[in-house]
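> coords please:
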Amino acid sequence: MRHDLPELFSSIEKQDAASLADFLMHFGSERVWYGGITTCVDGYNKNLDPYHIALTYLDKLLCLAEALGVVELEHPEAGPWGESLHSDIDELLHKIEDHLQISITPPQGAIHTDGLKTGRGLFHYRHLNSLYAATRIQRLNSDLAPVCEIGGGLGITALYARRLGVRDYTMLDLPITCLLAGHYLLHSLRQDEVSLFGEPLLEDTIKLLPYWEYPKIENDKFSLTINQDSLTEIADNLVMSFLCDIKRTSRDYFLSINHEYHKGKVVKDFVRRSGGFHEIHRSKYWIREGYVEELYKPEKS
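Predicted coordinates:
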């Protein structure tokens with residue numbers, strides 16, 4: 001990541017607060033290939049024109065509405081097919097909010113955002129991915145117990161989970177990603193709702209920790225652990241270490257939403273190698289093509 005974000009690393013190493021603030025203010029205004037740390041146009045649809053980029057985001061909004069059951073799933077064999085894309089966007093958002101009983105409006109002005117223009121602000125596809133993941137967390141965690149996310153990116157899933165009532169949320173990631181997430185969340189929430197590494201880790205906050213702090217977390221701390229779009233992209237030994245800590249710290253579930261592009265590096269194979277997990281379900285991911293949603297239960301000895 002150092003080679004991709006040289007200005008950021010230079011500001012940190014020089015302890016140049018003004019330069020760092022300027023970088024964070026403008027980060028994402030130009031395309032960034034890195035996933036999960038911006039809400040700008042990224043590798044998902046970088047080769048499209050603005051109209052078709054917006055259309056792909058609208059498609060994600062429809063997928064979310066279909067997943068929640070507030071819009072009927074179209075049936076291509078009987079028709080009609082493709083008519084949902086002509087739905088009124090704000091009406092779709094209203095139906096989702098009415099179903100979830102929360103505001104789903106993304107934070108506005110926290111960071112640069114490219115997205116689908118609506119009466120509730122701009123929606124990037126990552127907002128919609130994260131909102132879906134937050135609903136899965138809430139559904140699987142009915143008592144709203146503490147949750148962990150490995151590789152939480154900017155913290156958008158944590159933010160939506162908080163709106164849905166899951167207030168104690170621990171994120172483990174690279175230090176530089178924790179910095180970016182801290183910037184985003186502190187501009188999106190109250191300061192007393194976020195605990196940064198090195199500060200007291202208060203209950204009912206979103207906690208941002210470097211990944212190497214994972215072994216220090218107590219047994220059975222979390223109801224569930226979620227990972228999205230990262231376990232299949234890191235070193236095998238680190239994946240196996242994470243799985244050991246998931247079994248130790250998560251009482252009920254491990255939820256994975258990942259692609260299987262890298263042959264020989266897929267979550268189901270890592271889980272089998274690790275042992276100690278019972279597969280509950282595996283299905284295509286509702287919101288984004290090419291991703292698999294898997295739910296496992298850690299087996300306690």
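> Work out the gap between whichever strand or helix holds residue 255 and the centre of the chain.
Secondary-structure element containing residue 255, defined by DSSP states H and E: strand 250-259. Taking C-alpha atoms, centre = their mean, to the nearest Å, one finds strand 250-259 lying 13 Å from the centre of the chain it belongs to.
> how far away is the nearest residue in space to residue 230 that is not next to it in sequence from residue 37?
Distances taken as C-beta to C-beta, 6 or more residues apart in numbering put residue 151 closest to residue 230, at 3.7 Å, once the chain neighbours are dropped. Quick note: C-beta positions are derived from backbone N, CA and C, even for glycine. Counting by C-beta to C-beta, to the nearest Å, the gap from residue 151 to residue 37 is 11 Å.
> Check residue 47 too.
Taking C-beta to C-beta, one finds residue 47 at 20 Å from residue 37.
> These two - which one has more neighbours?
A count of neighbours by other C-beta atoms under 10 Å puts residue 37 above the other of residue 47 and residue 37, at 24 against 8.
> what's the spacing between the more buried one and residue 270?
Distance of residue 37 to residue 270, given as C-beta to C-beta: 24 Å.
> now swap in residue 215 and tell me
For residue 215, the distance to residue 270 - C-beta to C-beta - is 18 Å.
> Over to residue 292?
13 Å.
> what does residue 129 give?
Distance from residue 129 to residue 270, counting by C-beta to C-beta: 22 Å.
> got it, and residue 256?
9 Å.
> Check residue 183 too.
Distance, residue 183 to residue 270, using C-beta to C-beta: 31 Å.
> Could you do residue 240 as well?
Distance, residue 240 to residue 270, using C-beta to C-beta: 7 Å.
> For the one helix or strand residue 185 maps to, which helices and strands make contact with it?
Assessed by DSSP H and E, residue 185 sits inside helix 175-186. Packing contacts for helix 175-186, counted by 3 or more C-beta pairs under 8 Å, 6 or more residues apart in numbering; DSSP states H and E, involve helix 6-13, helix 156-163, strand 169-173, strand 194-196, strand 206-210.
> Do me a favour and average the pLDDT over that helix.
Average pLDDT, helix 175-186: 95.
> Okay, angle between it and helix 6-13 too, please.
Computed by axes from the mean of the first three to the mean of the last three C-alpha atoms, to 10 degrees, the angle separating helix 175-186 from helix 6-13 equals 90 degrees.
> If we go by neighbour counts, what in helix 175-186 is buried?
By 16 or more other C-beta atoms under 10 Å, the buried positions in helix 175-186 come out as 176-186.
> before we move on, the earlier item: of residue 256 and residue 270, which one has the most company?
residue 256 (26 against 19).
> May I ask you to confirm that the more buried one is in contact with residue 232?
No - using C-beta atoms under 8 Å as the test, residue 256 is too far from residue 232 to be in contact (9.2 Å).
> what do these two both touch?
residue 267 (C-beta atoms under 8 Å, 6 or more residues apart in numbering).
> quick one, what contacts residue 213?
172, 197.
> contacting residues for residue 70?
Residue 70 neighbours (C-beta under 8 Å, 6+ apart): 92, 95-96, 98-99.
> among those residues, which are in helices?
Secondary structure from DSSP state H places 92, 95-96, 98-99 of these in helices.
> Go ahead and build a PyMOL selection from the buried members of those residues.
Those of the ones in helices among the contacts of residue 70 that count as buried under 16+ other C-beta under 10 Å are selected in PyMOL with:
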select buried, resi 92+95+96
